[in-house]
Every structure is written in C-alpha cells, then in structure tokens.
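J.: what's the 3D shape of this:
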Amino acid sequence: MIQDAEVVSTSPVPVKKGSAKTYSFPEIIQKLIEGERVSRLEWGSNEEYGYLQAEKLNIHTKGQDHVWWVQLADMQAVDWVTIPKIN
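T.: Model (predicted):
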C-alpha cells in the first residue's frame, strides 16, 4: 500500500499523516520523465499508477493498461507519490 503522508488536499477522502513525500502535478511529470511510476494517495492503491511508455502517458488500473487522459482534478492535486516498481 501507499504510505500515508501529510498533505493539503481539497479531496473528500481523509489523508493520514505519514512519511511519504508528495508532489504537485508539474513535479510528478518530471518523475515520470525520469522513469518513475506514480500514483495519488486519493487512489489508495499501488495497483493504480501512471507511467510513461513509448512516449505516451499510460495508466494501469483494474489490471489493465490504458492511454491516460489526465483530468483537471489530477493536474490540481498535490497528493502525488512515486511508487516502487515490481519486477
């Protein structure tokens, strides 16, 4: 599971204090460029994550990969985290 972190969010989902570093959307784009997988604390699962592949932004959700059409709420969020890759 994603470690909880202290963040400021307009989300109705309560966020607990913890040690995970959180990022804004512009910051997380840089992490994607660096090859990281990313998720949001609001999503509540390491099973949902974004990643870059073949110069496209993709999202893995419900066991499948899709082209990710980023929504405004995701762009405004400040609860982005990087997640470890599972080999």
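J.: residues making contact with stretch 24-39?
T.: Residues from elsewhere that reach stretch 24-39, judged by CB atoms under 8 Å, 6 or more residues apart in numbering: 2, 23, 45-46, 48-52, 57, 74-78, 80-85. C-beta coordinates here come from the backbone N, C-alpha and C atoms, glycine included.
J.: Just those: which are in strands?
T.: Taking DSSP state E, the ones among these that sit in strands are 49, 50, 51, 52, 57, 80, 81, 82, 83.
J.: Do I have it right that the third one meets residue 67?
T.: Right, residue 51. No: Residue 51 is beyond contact range of residue 67, at 11.6 Å (criterion: CB atoms under 8 Å).
J.: related to what we said a few turns ago, from the contacts of stretch 24-39, list just the buried residues.
T.: For the contacts of stretch 24-39, a burial check counting by 16 or more other CB atoms under 10 Å picks out 2, 23, 48-52, 74, 77-78, 80-83.
J.: Name the spans of this protein whose pLDDT lies under the cut-off.
T.: By pLDDT under 70, the weakly predicted segments of the chain are 1-19, 86-87.
J.: Give me the most central residue, it.
T.: What sits nearest the mean C-alpha location of the chain, by CA atoms, centre = their mean, is residue 39, with 1.8 Å.
J.: Confirm that residue sits in a helix?
T.: No: counting by DSSP: H, G, I helix; E, B strand; the rest coil, residue 39 is not part of a helix but strand.
J.: For it, give its distance to residue 22.
T.: 11 Å (CB to CB, to the nearest Å).
J.: Quickly list what's touching both of those two.
T.: Residues touching both residue 39 and residue 22 (CB under 8 Å, 6+ apart) are 80, 81.
J.: just to revisit the earlier point, residue contacts, the nearest residue to the residue nearest to the centre of the chain once chain neighbours are set aside?
T.: Leaving aside its chain neighbours, residue 39 sits nearest to residue 49 (4.5 Å; criterion: CB to CB, 6 or more residues apart in numbering). Residues in contact with residue 49, defined by CB under 8 Å, 6+ apart, are 37, 38, 39, 59, 60, 83.
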